[in-house]
Structures are given as C-alpha cells and as structure tokens.
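**Q** Okay, predicted coordinates and the sequence, questions at the end:
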Amino acid sequence: MTGSRFASGGLIDRKKPITFQYDGMRVQGFAGDTIASALMASGHQIVGRSFKYHRPRGINSAGPEESGALFTVGDNANRTPNVKGTIAEIHDGLIVRSQNAFPNVRYDVGAVNGLIAPFLSAGFYYKTFVGPFSGTRFWMMFEYFIRKAAGLGVASRDADPATYDIAHHHCDILVVGAGPSGLWTAVQLAEAGQSVMLVEQDFACGGQLLSRNNARDAAFIAEMQSRLTRAGGRIMVRTTAFGLYDGLVTGLVERVTDHLSAPHESLPREIFHIVRPQQIVLASGALERGLAFGNNDRPGVMLAHAVARYAGRFGVSAGQSCIMATSHDGTYDDALQLAESGMQICVLDARPCHTDAQEVAKRVGLDVLFETVPVQVAGGRGVAGLEVGMCDSDGVVHSDNRMIGADVVGMSGGYSPVVNLLSHRGVKPVWDADIQAFRTGPTTEAIQVVGSADGFYDNEACLASADVAVSHILRPRRRDAETDIFRGWQTPAMPLFEINIQGRSLKSFIDPQHDVTTADIRQAHSEGFVSVEHMKRYTTLGMATDQGRMGNILGLATMAEARNMPIAESGITTFRPPFTPVSIGVLAGRSSGADWWPTRRTPMHDTHLSAGAAMMDAGYWKRAWYYPQNGETMDDAYIREAAIVRQTVGMVDVSTLGKIAIQGPDATEFLNQIYINAFAKLPVGKARYGIMLRDDGHVMDDGTTWRLSDDEYFMTTTTAQAGPVMLFLEELLQTRMTNLEVHVSSVSDYWAGIAVAGPLARQVLTGALPALDWSNDAFPFMGVQSAELNLGGAVIPFRAARISFSGERAWEIYVPADFGNVVWAHLAEHVALAGGSPYGMEALGTLRIEKGHVTGAELDGRVTLEDAGFARMASKTKPYIGSVLRKRPGLMDEARPRLVGIFPKDRSKQFGTGAILCEPGAVSGFGKGWITAVTHSPAFGHWIGLGFVSGGYDAWHDKTVMIADPVRGVTIEGEIVSPHMFDPEGGRQNG
Amino acid sequence: MLRLDCPVCGLRDHDEFTYLEDGSITYPKLTNENQDDWFDAVYLRENPRGRHVEKWHHTFGCRTVLLVERDTLTHVIGKIKPAHPKIAAALKQPATAKKRS
C-alpha cells in the first residue's frame, strides 16, 4: 500500500491545485506541498536509488535531513541535481526527475550491484589501489564502471543562466530558526528595541508546530509573526543560515525564485546574504534520527515524526497502517495524532511500561507493545510487514520471528540537536547522556542556543529557554541564577541505536544515501580505522548530500560499542560549512562573466573604440591592442604601426602607468632609499629612470620619477606593479622610515598619459602644444616641463617629460584625466598631418623589444639587477632597499640566466614566447634559458626576441643556441645577441 | 570573516584590508650591511600559537598600516593601532574626532 491524501486537513490550499512533471508523468499537488508530499500523496513510493547498490529508496524524512527523495529539478542549463524533495516546493510546470537509475527508479538495471555488494564494502575504493590490480588496466576498467554506476544527480555542463546577488546586513540580533523558540526569542528582543533578523529555511514559520496543524499553534505562529513585524523585525523564509564565521559573520542563502513558476525577470534566483550581527540566537531545532535494523532502508520506512508531519502539515497519509518504533516519549504525540487522523497505529517501545505518555496512550486505546523493537522489514520494494523482537533491560534482543503487518514503519532513536552552526565556530559538541544526544559545548562568543537546539524538547521548556536567552542578551550584567529548565523527556530515553541479534546478519543502514551499513562500521573498526574522523572517510558515512543527519549518531554509537567505550569518549566528527549544499553561483553573486573582476578603462577608451582599435586585457585594464586599417590582420597592423613610429611619428595611450605623487621635505631622501640609483642630485625639471628592489634583492619595478620642485616628485610605475609599489611605499613610510616626512598619494586615475614618439615628434608637439619650446636645447632628453594648452577656450594644464620607451625621440604628456579625450584628438590631428598614426600595445611591444627595454614579462619577480643588465646603475656609495641581500652568493652567480636578445639563425624563421633555450644536441629538461617576448621587427625585417640564458651574451655570443618549443613541436637554431638590438647608442632618442 | 576595528575608519570586514606580514619583525637599519640580519628579517618567521601581532594595511579604506593583535588559535582580534607612532599618538588625543561606523 502507498500514500494518499486525507479528505481534509493540512496546511495546504486545496483550492489551488498545482500540476508538475515527475519522470514525464503529470503529478498533482496543492499550494503548500513539497515535491515529496505531493509524490507521497500521489502514491509514488520508490523515488530514488541508492549510491552504490541501487537499492530502492523512498521518502524517509520531511526536512533537510532527507537522504532518499533526491531529485534533479529543472531542465537543460537550469538543471539542479540532488534537490531535496522534502524541502523544495512545487509550482506549475516544475520538471522533476529521479536520479541514479536506468531506465527509471522503479526498474533499475543497476540494482545488480547489490549482488556484488561483498566487493563494494567499506574502503573498497581505497583497496583497489593496492593488491594485484593496482595501477593496471583492470583497475582503470573497474574505476570506470564504478564511477558510472555510483553517483547521484548530474549537473548541467552548460553555463548557469540564472542570476544571483549578494546582500550585506547589520543587525543587533540574528535568530536562526523560526520554530516556537526562535519566534518567541525574536519577538521579545524586537519588542525590547533590538533590530532582529529571523531566518527560516522552510517556506513557513512554525517549525515543529507545523506538524500538529491545530488552531492554537496556528494562532501562536500568526501572532508571533505579526508582533515581530510590528516591532520592526525582519522575517526571512526560504533562507538557510549555512555557515557561521569569525566575528559572528553569518552566511545566509535565500532561495528567491525556485518556488515560482513565472518569476519576474528582475529577481535573482538566490541571494547570498552576509550578516554581521552583534549577537546570534541559534534556534535551529533538533533532527530526529533513525534506528539501525534489518532492511531499514526500504521505501515505507521513515522517521516517526515525518509520518506525523506529512499527515498534519500536508494532509498526506503515508500508508494505512503504521508501526512506530521508538525508545523515548517524543513519539507518543506523533502516534496519537496519527491515530486520530484515522491511521492504524502500533507503537513499539523498547522500554518497559512506566511513563506518563505511555499511560495516556493506553488510555486512548493506542496499541503499544513494550520492550519490543523492530528486527527486520519484510518486503523488497516497500514494507510488507515487520519482524519484531523482545528487548531486555540490557538491550539484548531476542527474536521469536513474530511478524506484524504494516505498510509504513516510523522509527525514532531520539532527537539530535542541530549543533552544526556552533561546530563551524570550532565548538566541539559534548555528549549528554540524559537526552542521549550531542549538545553544543560552551562558547565565549555572543551566541545563545535555545529550544530543542539545546536539548529542550517540551514546548514549555523551549519557551523558558528562550526567556533565559533574552534575559542574557538584554541584561548581560545580571547573571540569572542557574536555570533549572528540564531537558529531554520526563522518562529517560533508552539508548537504542542498533538492533542486533546474535547469529544473524542484518542489512542495517545508517547512511542510506551512501549505502553505509553497521557492518561497514565494524569492518572499519576491524581494519583499524577507529577514530571517528578516519571511520567517516573510510566508510564515507555522512559524506553524502544529507551529511549523515539521520544516521551519524548510529555510526558513532556502533563504533563506540565496537571499541567498548562510551560515545562521549569516541566523539563526533566536525561539522563544517555549508549546513546544506550551496550553489556556487550564489557565492559568486554578480561577479561572473564580464563582471568577474573590475574593468578599468583609460580616459581615452571610447576614442580608441571609435578609431576601430582592437582592445586587449592587461590585468583589469582594457588597452588598445592595434588599430587595423582596411581589414589588416594583427601582424600587418602592428608592423605598420611600429614602422611608422620609426619613420615619422606615432602616439600611444600610456594612462595605465602607475602615477604616485611624492611630497614632503624628505622626499629626496626617501627616493634615495628606495631606488638603487642616486636621486639626491636630481635637479628640478629633470626626470630619472629608477629601479627599485624588494628587500630580498630582486627587482620589484622600474619607472621614471620627475622632480617637479624641491619637495615634490611625480613617480611613474609599470601598469602591473602600480598597486604593489604604492602599498610598499606606504608601508615603508609608516613602519621602517617613520622619521621621514613624506606623503605619497596615488594619482594614477587623475592623469591621462599620451606618449608621442618618432623622428617627427618635435614637429608635432611644437605645432600642437605651442606653449613650450620643444627644441633639443630647451627640452633635452630627461627634461621635465609643465605648461598649459589653450584649446577652444579651455585652459588645459599639462606636464611633459622627454623619456622614451620606444627608443625614438619621444615625450610623455600628462593631462588631467577629464581632458584625455580632447587632448588625444588634438594631438592625433597633428600626428596625422605629419604622416603618423596612433599605435597600440602590440607595436609598443615591438619597439621596446627592439630596444631591449624590459617589462613585467622580464621583471617577473625572480630577476636580479645583474640578470636584467642593470647592475652598473646601482649606487656603490649609498644603502637602498635590497642592497644587502642582492649580494647573496647565489644571486651573484655568473651562470645565472641573463637578459639577451635572440635572432633566428635563418632570418626567415619564426619562434615563440615561452620557448626554451638549449645547447645544440641537448634539447631537454628546462634548458639553459627561456624566451620572454618575441616580435616581428620592421627595423630588422625578421623575428627577434628577448629572453634569459645562463651566462648571458658573454657566454653565448659566438655559439649557436637551440630555440626549442616542444609544446608546438618546433625547434630552430638561433643566435644570442645583445638585448639592445636597435640603435644601441641611443642616437635616435637623444637627438 | 575577520572584522578589524580600524582606529581611523571603524569596524570593517577583513576584505577591505591587505595582510602584510608578521608585525613583530624589526628590520635592520638600511645602513646595516650584515646579510644574516637582513636574512633573518626577510625570511625567518615564528609560527606562534596564540596571540600574535600582525601588520595589516587598510587598502580599501584609510590606507593606514595597522598593528593587529590576533590569536592564531581562536582568531580573536585584540588591540589594533597604527604602526606609525605619530599617527597612533595623534589618534589618542581627545581632540581628534573618532569616526565610527
């Protein structure tokens, strides 16, 4: 027999029928149903297959602890695997599929895995790595089939089309869980003036009260919600607090649209809320756990309270006759409620008859069998009956093969407080023998635990525990006398985990999702994996998507018993975030695609685009790569642009360079300490090329620094190192150089930079910027001048320095960023009149490679002054950052790779960046060096490169080098030349 | 997430800050040419369990370099002060308006 809907009752809206698709079938439910409740009401009992053995799985809970009812929800790219049907709501048009079965869950060919179960026992995966098959093709074959047969849902391989968002919050109090304890705590704190956020993973508030479906509880829930809202509290449903982090920062995921059939397009699918509360109240409740007995994984076996919850909340009868197997008082309320709804109920209580609840049950005529426990379920695809046994006071079970007829078995081994969130904070749970469960240990953080999350199972006790927490929060100085609220149940629960009968081998599951049985635990014990953390990894207990919520304690108890020690000593594994699975997309929020990282555009960005530039990424920056004309290829374009710079004049956007204003009476001394070369005598109106090292003696960055006045400098850095250099300077000034009166400010975004380079640069600038005399005498190499440009009535200040990265006669012009576009356009006109053109990064690269000027490709953080050929620049008379450690013997080794230029021996040949440099006949390993940059040089008419090779030019100038590119399968002969390949005397830039 | 109470800006998330290094390191004077002294300062680090001084930079804030006491075992943050003694002294003066957020 299978489930059905009661004629009335439940918190569903019977006026709002909802139709969805399940494995291609149309299933009807009502508003307020979950996938699981709708499927159960429609008579679907087998809804999944287990991970290894493909045993049929039914719905076994009514919450996040579910390990059977896992579905793939949605279609195509919107597909989400492993959705817990016990949480997910239905809506019209929802597409639900069962998982891990072929052709379907009801007839699954993978079930033959059950026949080879002996070979798939605990640790089977690890064992295949050793023994006769290890490392063989057999192993590979096994692995392939095991992987194919084992598993859960399959994620879509398409990009996730959904949008996500991230929100930030501050509040006084965050209350996790909107059961009676959470609601009561939140209301009192909010009415006392605290700003309160109450989060609930369910789509309705009420927690356990929702299972009862009586008018008094419904009124309480409604009153609490309205009072909380009136007092300014915020209630968030469908929101899971998945992790607790340092500083009480809490991660929440709110599921915004998954329950809607036609969500508004502006809504994100989920929101990641980052909350920074002053205090946290955990009212996260307790989860029921099962019992280990034979075939306890059969569809129709479920948690006892879940049977009552489906009846009370969803108006669904799980079957006609139900056996409720328990070891504590808590199940009696459930049994009474189910009996009232018309189900035939029989309670198996492992304890002798003596408690109040039992008396009541007897009085109302509930069928109760004392000292009786479940032994083995009869039936393969469902419950056909239950073999029961007698349990004596020592927990020893005897079976006389008595069968009881039933189509549903509810089981309850007690409740486990949800201690996960405090466990995230490193608080170890401690075993409380009185309630037979782990409770949270003490914490020094501002976190209170209330209600069943702290082992208070009686409703009055829950509210009393909430009162204590409220008092602690509102009156922290007044320590209330140790409260004496009663935990657990009136009559002690009996420790009951596994039903074991001497001489019989029962298949008793403790992790039905990962197919872990008590036999696997004992095997782990006998093979030495006795620590709970080892046991977990060896058997995979609790490592499935439900994280072992129903069975973990059973596994721990089984191991404790095998080790002959109390559970309190064998301990519990550590819970880590997330509490329930979190989609990767929501953690990324909007940071995906083009927004994966920030986009930086230079002030002239749009101008480059309208000039038809192809753009490239340089870190966060978008930079003009090349300006193709008449359908040119990149190679055609950059070679033309580079040639034009050498022949007439070109201009390039250099706004991305880091720019730092260095000001103060000690600015000169500061520069003298951070640069390897002397700055003490740099006159006002001059720039100097400087190199700075890290403390460890490696090159950090290079750039020019301009002296604007006695106590003000303008430093430029490379684009890539702008941030690190700025930070390093600030660190030095605030820690090691605190005696210097210097202020540094990043002005990178304030100035737009344009370099004008080429033989006709002087002519262009004289025409375009007439305020200055650009002649060699007035503006010599390394000169710095400031002036204004009067353009269409606007007076635009600019500063210029005669510096050259291209090796041509060149100036860098800086104007305030807002004027970047107009000044670029103005200069471009004059450049065009002189027969020149703008050039992009690729041509810039060509020009600097021809000159042997280094960039980040060469200065990669591993390079010394000697390696890069800068050693002669280093001052011998002053100390500077890195001056001591750069002289370590290993760094002074003559055989270190040194910067060189590279020509192909056959000038028609091409070679690539990343190739290694080897001796002829010894193309192997890492070689003797590598290539950092290549280009086709218009000046030489062939390919050239820069790189590093052991010993440098001196060791190689008369030898042949092999340029080996094993990745592309090309090796050619090359020759090593000086890195200063073009115009080594510098006549062009100085003239 | 660690939350650092910046003496200039107030309590902020750690992602506004950049961790620099062990705050207990004293670097040799630039004029010190002893390689061993520099080697110790640049490379050798204790790995203490418990309270530890760290250097952080409020990169997306006031850009002050801060000395932060952090317990490496519990992540509990202790005293936070600017590394520059003059900045620290200036913030201590009652006339200085302290902004909290």
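**A** That came through fine.

**Q** in the stretch 51-200 of chain A, which ranges drop under the pLDDT threshold?
**A** In the prediction, the stretch 51-200 of chain A carries residues with pLDDT under 70 at positions A:101-103, A:105, A:107-151.

**Q** if I look at A:Glu65, how far off is chain B?
**A** 28 Å (C-beta to the nearest C-beta, to the nearest Å). Every C-beta, even on glycine, is put in place using the N, C-alpha and C of the backbone.

**Q** so that residue makes contact with A:Gly285?
**A** No - using C-beta atoms under 8 Å, A:Glu65 is not in contact with A:Gly285; the gap is 10.7 Å.

**Q** Please identify the residues of chain B in proximity to chain A?
**A** B:1-3, B:13, B:18, B:20, B:27-28, B:30-35, B:38-39, B:41-43, B:55, B:57, B:59, B:63-65, B:74-75, B:77, B:82-87 (C-beta under 8 Å from any C-beta of the partner chain).

**Q** In helices, which of the residues you listed fall?
**A** Members of these lying in helices (criterion: DSSP state H): B:Gln35, B:Trp38, B:Phe39, B:Ala41, B:Val42, B:Tyr43, B:Pro85, B:Lys86, B:Ile87.

**Q** Now a PyMOL select for only the buried ones of those residues.
**A** The PyMOL selection below is limited to those of these classed as buried (16 or more other C-beta atoms under 10 Å in any protein chain shown):
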select buried, chain B and resi 38+41+42+87
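
**Q** Make JSON lines from the ones in helices among the residues of chain B next to chain A and add distance to A:Val823 to it.
**A** Shown next, in JSON lines, are those (distance: C-beta to C-beta, whole Å):
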{"residue": "B:Gln35", "distance to A:Val823": "50"}
{"residue": "B:Trp38", "distance to A:Val823": "46"}
{"residue": "B:Phe39", "distance to A:Val823": "49"}
{"residue": "B:Ala41", "distance to A:Val823": "46"}
{"residue": "B:Val42", "distance to A:Val823": "44"}
{"residue": "B:Tyr43", "distance to A:Val823": "48"}
{"residue": "B:Pro85", "distance to A:Val823": "44"}
{"residue": "B:Lys86", "distance to A:Val823": "40"}
{"residue": "B:Ile87", "distance to A:Val823": "38"}
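
**Q** Closest to A:Ala768 out of the ones in helices among the residues of chain B next to chain A?
**A** B:Ile87 (45.0 Å; C-beta to C-beta).

**Q** Extract the C-alpha trace of stretch A:43-60 and format it as PDB.
**A** The C-alpha trace of stretch A:43-60 is given here as PDB (Å, rounded to 0.1, in the frame of the first residue of the first chain):
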ATOM      1  CA  GLY A  43       1.100   7.100  -4.400                       C
ATOM      2  CA  HIS A  44       4.800   7.300  -5.500                       C
ATOM      3  CA  GLN A  45       6.800   5.200  -3.100                       C
ATOM      4  CA  ILE A  46      10.100   4.500  -4.800                       C
ATOM      5  CA  VAL A  47      11.600   7.800  -5.600                       C
ATOM      6  CA  GLY A  48      15.300   7.100  -5.800                       C
ATOM      7  CA  ARG A  49      18.100   4.600  -5.900                       C
ATOM      8  CA  SER A  50      21.000   4.400  -3.600                       C
ATOM      9  CA  PHE A  51      24.500   5.400  -4.400                       C
ATOM     10  CA  LYS A  52      26.300   2.000  -4.600                       C
ATOM     11  CA  TYR A  53      23.800  -0.800  -4.600                       C
ATOM     12  CA  HIS A  54      20.900   0.900  -6.400                       C
ATOM     13  CA  ARG A  55      18.500  -0.300  -3.700                       C
ATOM     14  CA  PRO A  56      15.100   1.400  -4.000                       C
ATOM     15  CA  ARG A  57      14.800   4.500  -1.800                       C
ATOM     16  CA  GLY A  58      11.600   6.100  -0.600                       C
ATOM     17  CA  ILE A  59      10.900   9.400   1.200                       C
ATOM     18  CA  ASN A  60      12.400   9.000   4.700                       C
END
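
**Q** List the buried residues for it?
**A** In stretch A:43-60, counting by 16+ other C-beta under 10 Å, buried: A:44-60.

**Q** and A:Gln448, helix, strand or coil?
**A** Assigned by DSSP: H, G, I helix; E, B strand; the rest coil, the conformation of A:Gln448 is strand.

**Q** For it, give me its contacts.
**A** A:Thr185, A:Gln279, A:Ile280, A:Val281, A:Leu282, A:Ala469, A:His472, A:Ile473 (C-beta atoms under 8 Å, 6 or more residues apart in numbering or on different chains).

**Q** just these now: which is nearest A:Gly395?
**A** Using C-beta to C-beta, the contacts of A:Gln448 come closest to A:Gly395 at A:Leu282, 32.6 Å.

**Q** Could you check how far that closest one is from A:Asp202?
**A** Distance of A:Leu282 to A:Asp202, computed by C-beta to C-beta, to the nearest Å: 16 Å.

**Q** next one: A:Val316
**A** Per C-beta to C-beta, A:Val316 is found 17 Å from A:Asp202.

**Q** Equivalent analysis for A:Met692, please.
**A** According to C-beta to C-beta, A:Met692 and A:Asp202 sit 59 Å apart.

**Q** More neighbours: which of the two?
**A** For A:Met692 versus A:Asp202, neighbours defined as other C-beta atoms under 10 Å in any protein chain shown are more numerous around A:Met692 (24 against 21).

**Q** So what sits opposite the more buried one in the bridge?
**A** Assessed by DSSP bridges, A:Met692 has beta-bridge partners A:Tyr675, A:Asp701.

**Q** Report the contact partners of it.
**A** A:Ile674, A:Tyr675, A:Ile676, A:Val699, A:Met700, A:Asp701, A:Asp702, A:Val725, A:Ile881, A:Gly882.

**Q** The second one - how many residues pack around it?
**A** For A:Tyr675, the neighbour count with other C-beta under 10 Å is 25.
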